[in-house]
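# heads up, no residue letters with this:
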């Protein structure tokens with residue numbers, strides 16, 4: 001099967017990007033070097049093509065009530081032009097995907113799914129519309145093919161956006177909100193030279209940033225305009241490799257690594273996104289998919305805990321490597337690394353791992369089997385990196 005191409009494919013080729021196959025798409029892995037792109041996002045700004053993500057529109061008078069039943073979060077409680085990180089889970093509480101949901105109108109929501117799970121989430125939402133959502137007036141429409149997503153991330157992101165020519169509020173935008181006053185996890189309808197865009201103050205790097213949702217055909221012009229607007233602010237195009245090292249430093253989970261169908265939100269330290277207290281219009285508890293399992297999990301002792309690991313040597317732990325109780329030859333295996341890499345910002349290796357509760361306390365010294373050699377690590381809090389305020 002041939003990989004799909006982003007609407008920005010020709011832009012990436014012109015910039016000399018190294019392309020890679022990812023979740024059924026041809027996407028830029030890097031343009032120059034992983035380190036240069038990572039550093040630019042931490043110190044100035046990076047421009048990312050995220051058009052491989054899935055965009056699913058949920059509309060209708062009962063759109064919020066349906067999403068309350070289909071997802072673990074409280075979506076009726078989300079304000080218009082707000083955003084919320086949430087998840088879709090199985091009946092046993094295992095994570096099908098983690099999502100960001102934007103409320104774009106009183107009766108309209110935009111559900112953004114990971115590229116690898118786009119079709120799965122679409123099918124789940126449609127099935128749940130006919131199941132837990134039966135009788136509710138709601139429509140689930142896939143907008144992914146027609147939608148592009150471009151992100152500016154970094155401490156200079158706001159300066160880049162404010163320098164974008166032709167950027168103006170949309171007719172239905174709140175009169176008192178600008179990119180500068182837009183709150184984190186909120187969105188704003190705008191236009192760029194007459195092209196409608198949804199600008200969201202969200203991201204996956206641990207830095208300030210903005211994400212632009214727009215018609216796929218208009219994406220190349222916006223991409224070039226953002227590079228030009230950011231020329232005096234240090235912007236560089238950045239690929240998937242930098243995006244992964246940035247999200248790891250920020251302690252953000254990646255589906256397929258920290259999250260999967262065998263993992264509940266509580267296992268990943270994300271129990272806060274599960275709203276067991278949400279109620280419907282009649283004041284009754286919402287019977288969302290997975291509620292019973294997650295209610296039981298919320299009060300039980302975990303079998304494993306997601307922790308941060310600071311490498312004390314030079315070699316980095318990687319996904320799938322065993323975590324050991326010590327560097328002794330007969331040390332027991334106490335966990336598994338989910339993500340790991342050298343940290344360009346911190347100057348030492350970092351990793352996330354699931355370990356048994358008795359070795360999960362901050363400061364606990366463990367080891368990781370790195371290709372037959374035991375490398376010392378220490379349990380540290382997540383995230384590894386927080387941007388300066």
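Nice, I can see it. Everything quoted here is computed from the prediction, not taken from an experiment.

# if we look at stretch 269-280, which residues are touching it?
Under the criterion Cβ atoms under 8 Å, 6 or more residues apart in numbering, residues 65, 68, 72-74, 76-77, 85-87, 253, 265-266, 285-286, 288, 291, 294-295, 297-298, 305-306, 382 lie in contact with stretch 269-280. For glycine as for every other residue, the C-beta is placed from the backbone atoms N, C-alpha and C.

# how far does it stretch from start to finish?
Distance across stretch 269-280, first residue to last, is 26 Å (Cα to Cα, to the nearest Å).

# buried stuff in it?
Buried residues in stretch 269-280, counted by 16 or more other Cβ atoms under 10 Å: 269, 270, 271, 273, 274, 275, 278.

# what's the answer for stretch 339-351, then?
Buried positions in stretch 339-351, judged by neighbour count with 16+ other Cβ under 10 Å: 339, 340, 341, 342, 343, 344, 345, 349, 350, 351.

# same question, stretch 88-95
Counting neighbours by 16+ other Cβ under 10 Å, stretch 88-95 gives 88, 89, 93, 94, 95 as buried.

# out of these, who's nearest residue 207?
residue 95 (25.2 Å; Cβ to Cβ).

# okay but the closest one is in contact with residue 259, surely?
Yes - judged on Cβ atoms under 8 Å, residue 95 makes contact with residue 259 at a distance of 4.7 Å.

# overlap of the contact sets of the two?
The contact sets of residue 95 and residue 259 overlap at 87, 268 (Cβ under 8 Å, 6+ apart).

# now do the same contact list for residue 291.
Going by Cβ under 8 Å, 6+ apart, residue 291 touches 276, 285.

# from residue 73, how far out is it?
According to Cβ to Cβ, to the nearest Å, residue 291 and residue 73 sit 12 Å apart.

# if we look at the biggest helix by length in the chain, which residues are touching it?
For the chain, the longest helix by residue count, based on DSSP state H, is helix 118-130. By Cβ under 8 Å, 6+ apart, the surrounding residues in contact with helix 118-130 are 53-54, 56, 58, 66, 69-70, 88, 96-97, 99, 111, 113, 136, 138-140, 142, 144, 289.

# show me these that map onto helices.
66, 69, 70.

# the nearest residue to the last one once chain neighbours are set aside: how many residues sit nearby?
Meaning residue 70. Among residues not flanking residue 70 along the chain, residue 128 sits closest, at 4.4 Å (Cβ to Cβ, 6 or more residues apart in numbering). If you count neighbours by other Cβ atoms under 10 Å, residue 128 ends up with 21.

# repeat for the one 10 residues further on
Neighbours of residue 138 under the rule other Cβ under 10 Å: 23.

# quick one: low-confidence parts of the protein?
1 (pLDDT under 70).

# which residue ranges of it form helices?
According to DSSP H, the helices that the chain contains are 9-14, 34-43, 63-70, 118-130, 157-162, 219-229, 240-249, 291-298.

# list of residues touching the fifth one?
Contacting residues not belonging to helix 157-162 are listed as 45, 152, 167, 179-180, 199, 207-210, 226, 229-230, 233, 235 [Cβ under 8 Å, 6+ apart].

# coming back round to it: could I get the buried residues of stretch 339-351 as a markdown table with distance to residue 120?
Listed next are the buried residues of stretch 339-351 as a markdown table, based on distance: Cβ to Cβ, whole Å:
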| residue | distance to residue 120 |
| --- | --- |
| 339 | 21 |
| 340 | 26 |
| 341 | 27 |
| 342 | 32 |
| 343 | 32 |
| 344 | 33 |
| 345 | 33 |
| 349 | 32 |
| 350 | 30 |
| 351 | 27 |
